[in-house]
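A.B. asks: fold the following.
(one chain, ligands or ions: 2)
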Amino acid sequence: MSQDTEIRLQIGVLAAGAWGTALAANWAQRHQVTLWAREPDVVASINAAHMNRRFLPDILLPESLRATVDLVDLQDSDVLVLATPVAGLRSTLLALQALYAGKALPPLVWVCKGFEPETGLLPHQVVHDVLGDVAAAALSGPSFAQEVAKGLPTAVTLGSADLALAEQLADWLHTPNLRLYASGDVVGVEVGGAVKNVLAIATGIADGLSLGHNARAALMTRGLAEIGRLCERLGGHRETLTGLAGLGDLILTCTGDLSRNRQVGLALGAGKTLQETLDALGHVAEGVGTAREVARLAEDLQVEMPIARAVAAVISGELKAKDAVIQLMSRAQRAE
Ligand SMILES: NC(=O)C1=CN([C@@H]2O[C@H](COP(=O)(O)OP(=O)(O)OC[C@H]3O[C@@H](n4cnc5c(N)ncnc54)[C@H](OP(=O)(O)O)[C@@H]3O)[C@@H](O)[C@H]2O)C=CC1
Ligand SMILES: O=C(CO)COP(=O)(O)O
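C.D. replies: Ligands and ions are numbered 1, 2, ... in the order given. So this is what the prediction gives:
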């Protein structure tokens, strides 16, 4: 498919947290972008000062980027991008369904990483649950919002069961500093993005306990094996996990201090409580809720995921961080 850099679309982005704002700013280089937020102070600060003081402070946004609290302003969009945390995906889809009231929705892209709380569904399953068969794709991969907002080079994956749609969206949404690769394996793309957040908490805990580089490399490598087992069991392909949405994001989030999930792990490893850690963060850390869902899925589907289960136990308070390490190291020896 040819890359048509001239085409200018209307893009609607829903939720102006760090990631929605960074993507909206990036796409405003090439398209007309409208950013919806439920926080009036965020909308006011973007429109008046071209900054999102609450979620992306100190970064100047393009003047062409408009923000709104009114969903109706997004109804002529050529593409709609859902940028809420996974817990807000369903309610946002329902709001869009009401807005379009029987009319066809434009292609949807979601950027959240996790399993829906309580249902344990992946985002594409939530989309199908609410809207049925619609043109839709997941965007995932190694991409700290602050770096994308500053225009630093970034590459991510767009995953859809409809590969031709993923290719079309990649063509529309790439910019000079945001490279998009298409994948037909939406399950692999989503499982990679969800579980790496749990592993970032694990490596954060290890680093918070000063366990060294060897421990971190071991957790990442054995963690990737856990992601692979769950991915295959849910119908995804292990090869997808060698790409940006798997290994790429695992490396970034487990080693990069900009990661909120890694910051949660570091604080837990240093002896802080989960509540004080989350209160100080001011942003979502999806790995906290996802750890519980992954541990439950691992149990139900009989998938061996000792690291993810240990993180879930630390988060729920059943296990102390130090004891989780002892437990992992004392498991029966086995072949790699
Ligand atoms: N930040 C990053 O670098 C990246 C983040 N992601 C993923 O993107 C998703 C969003 O992350 P991020 O933007 O960083 O999160 P933030 O915590 O920065 O912002 C979340 C935003 O979503 C809003 N929100 C929460 N729940 C709902 C809801 N039910 N309906 C509408 N809006 C809602 C929040 O509003 P309020 O303040 O009112 O709650 C806030 O504006 C997560 O799944 C994350 O894993 C993916 C790649 C990179
Ligand atoms: O997903 C991310 C980078 O790809 C962001 O990770 P955190 O949510 O841990 O900050």
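A.B. asks: state the helix or strand in which Tyr181 lies.
C.D. replies: Per DSSP states H and E: Tyr181 is located in strand 178-183.
A.B. asks: state the distance from whichever residue of the stretch 1-150 of the chain sits closest to ligand 2 to Pro117.
C.D. replies: Per Cβ to the nearest ligand atom, the residue of the stretch 1-150 of the chain with the smallest distance to ligand 2 is Ser143, at 4.5 Å. In short, each C-beta sits where N, CA and C put it, glycine included. Using Cβ to Cβ, to the nearest Å, one obtains 23 Å as the distance from Ser143 to Pro117.
A.B. asks: ditto for Val148
C.D. replies: Val148 sits 26 Å away from Pro117, taking Cβ to Cβ as the criterion.
A.B. asks: next one: Leu281
C.D. replies: Applying Cβ to Cβ, the value for Leu281 to Pro117 is 18 Å.
A.B. asks: what does Arg66 give?
C.D. replies: Distance, Arg66 to Pro117, by Cβ to Cβ: 32 Å.
A.B. asks: any idea how the protein splits into domains?
C.D. replies: Structural domains assigned to the chain are 10-184, 193-330, following the TED database.
A.B. asks: for the one residue in the stretch 1-150 of the chain that gets nearest to ligand 1, which non-adjacent residue is closest in space?
C.D. replies: Distance from ligand 1 to each residue of the stretch 1-150 of the chain (Cβ to the nearest ligand atom) is smallest for Gly17, at 1.8 Å. Leaving aside its sequence neighbours, Gly17 sits nearest to Phe55 (Cβ to Cβ, 6 or more residues apart in numbering; 4.9 Å).
A.B. asks: so what's that neighbour up against?
C.D. replies: In this structure, Phe55 makes contact with Ala16, Gly17, Ala18, Thr21, Val42, His283, judged by Cβ atoms under 8 Å, 6 or more residues apart in numbering.
A.B. asks: same check, this time on Gly188
C.D. replies: With contact taken as Cβ under 8 Å, 6+ apart, Gly188 is in contact with Gly159, Cys231, Gly236, His237, Arg238, Glu239, Thr240, Leu241, Ala245, Gly246.
A.B. asks: out of the residues you listed, give me the one that has the most neighbours.
C.D. replies: Ala245 (31 neighbours; other Cβ atoms under 10 Å).
A.B. asks: what's the single longest helix in this structure?
C.D. replies: Counting residues, the longest helix in the chain under DSSP state H turns out to be helix 186-208.
A.B. asks: the helix or strand just after that helix vs helix 186-208, what angle?
C.D. replies: Moving toward the C-terminus from helix 186-208, the next helix or strand (DSSP H and E) is helix 213-233. Using axes from the mean of the first three to the mean of the last three Cα atoms, to 10 degrees, the interaxial angle of helix 213-233 with respect to helix 186-208 works out to 160 degrees.
A.B. asks: what's the mean pLDDT across helix 213-233?
C.D. replies: pLDDT averaged over helix 213-233 equals 97, rounded to a whole number.
A.B. asks: so how far is the next helix or strand after it off the chain centroid?
C.D. replies: Remark: after helix 213-233, the chain's next helix or strand is helix 249-255, criterion DSSP H and E. Between the centre of helix 249-255 and the centre of its host chain there is 12 Å, according to Cα atoms, centre = their mean, to the nearest Å.
A.B. asks: anything in helix 249-255 near ligand 1?
C.D. replies: No. Among the residues of helix 249-255, none lie within reach of ligand 1 under Cβ under 6 Å from any ligand atom; the closest is 8.1 Å away.
A.B. asks: for that helix, name the packing helices and strands.
C.D. replies: Helices and strands touching helix 249-255, as assessed by 3 or more Cβ pairs under 8 Å, 6 or more residues apart in numbering; DSSP states H and E, comprise helix 186-208, helix 213-233, helix 260-269.
A.B. asks: pretty sure Leu268 is touching Gly208, no?
C.D. replies: Yes. With contacts counted by Cβ atoms under 8 Å, Leu268 reaches Gly208, the gap being 6.4 Å.
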